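Sharing a model prediction with you, sequence too.
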Amino acid sequence: MMGYDRPLNEFFLQLWDDAPGAEAEEPAYSSLDEPAADWRDIATVVRQLEELDVPVPRSMIDAVVADGVQRAGNRIVEHAPDGRATELSA
C-alpha cells in the first residue's frame with residue numbers, strides 16, 4: 001500500500017506479508033519506521049520499492065504523484081500489473 005498523506009504532506013509505503021502463517025497485524029515494512037528518509041519525494045518511495053524488490057505498475061506511481069499534486073487523500077485504487085486501475089473509493 002502506498003499513497004499520499006495530506007496532514008503530513010508526504011508519501012507513505014507499507015508492505016504486508018501475506019504468506020501463510022505470516023503475522024497480519026503489523027506491516028512487514030512501513031515508511032513510518034524510517035522518519036529520516038525524505039518521504040516528500042516520490043523518488044524515496046520508488047527507491048525503497050526497488051531495494052525491497054517489489055514491482056508495482058507505473059500507473060500506481062503516477063496516481064500517487066497525482067494525489068500529492070492535488071493534495072488528495074483517502075483514495076483507494078487497485079492497480080493491476082497491466083496498468084489498469086480500479087477506484088474502489090474516493
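Done, it's in. Numbering: from 1, shown residues only.

May I have the beta-bridge partners of the spatially closest residue to Ala72 that is not a sequence neighbour?
Using CB to CB, 6 or more residues apart in numbering and skipping residues adjacent in sequence, the residue nearest Ala72 is Tyr4, 6.8 Å away. Where C-beta positions appear, they are placed from N, C-alpha and C, glycine not excepted. The partner list for Tyr4 in beta bridges (DSSP bridges) reads Phe11.

Let me see the contact set for Tyr4.
Counting by CB atoms under 8 Å, 6 or more residues apart in numbering, Tyr4 makes contact with Glu10, Phe11, Phe12, Val64, Asp67, Gly68, Arg71, Ala72, Gly73.

Take those and lay them out in JSON lines including distance to Ala43, neighbour count and pLDDT.
Listed next are these as JSON lines, based on distance: CB to CB, whole Å; neighbours: other CB atoms under 10 Å; pLDDT from 0 to 100:
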{"residue": "Glu10", "distance to Ala43": "13", "neighbour count": "18", "pLDDT": "95"}
{"residue": "Phe11", "distance to Ala43": "10", "neighbour count": "24", "pLDDT": "96"}
{"residue": "Phe12", "distance to Ala43": "14", "neighbour count": "16", "pLDDT": "95"}
{"residue": "Val64", "distance to Ala43": "12", "neighbour count": "24", "pLDDT": "94"}
{"residue": "Asp67", "distance to Ala43": "16", "neighbour count": "20", "pLDDT": "93"}
{"residue": "Gly68", "distance to Ala43": "12", "neighbour count": "20", "pLDDT": "94"}
{"residue": "Arg71", "distance to Ala43": "19", "neighbour count": "9", "pLDDT": "92"}
{"residue": "Ala72", "distance to Ala43": "20", "neighbour count": "15", "pLDDT": "87"}
{"residue": "Gly73", "distance to Ala43": "20", "neighbour count": "13", "pLDDT": "78"}
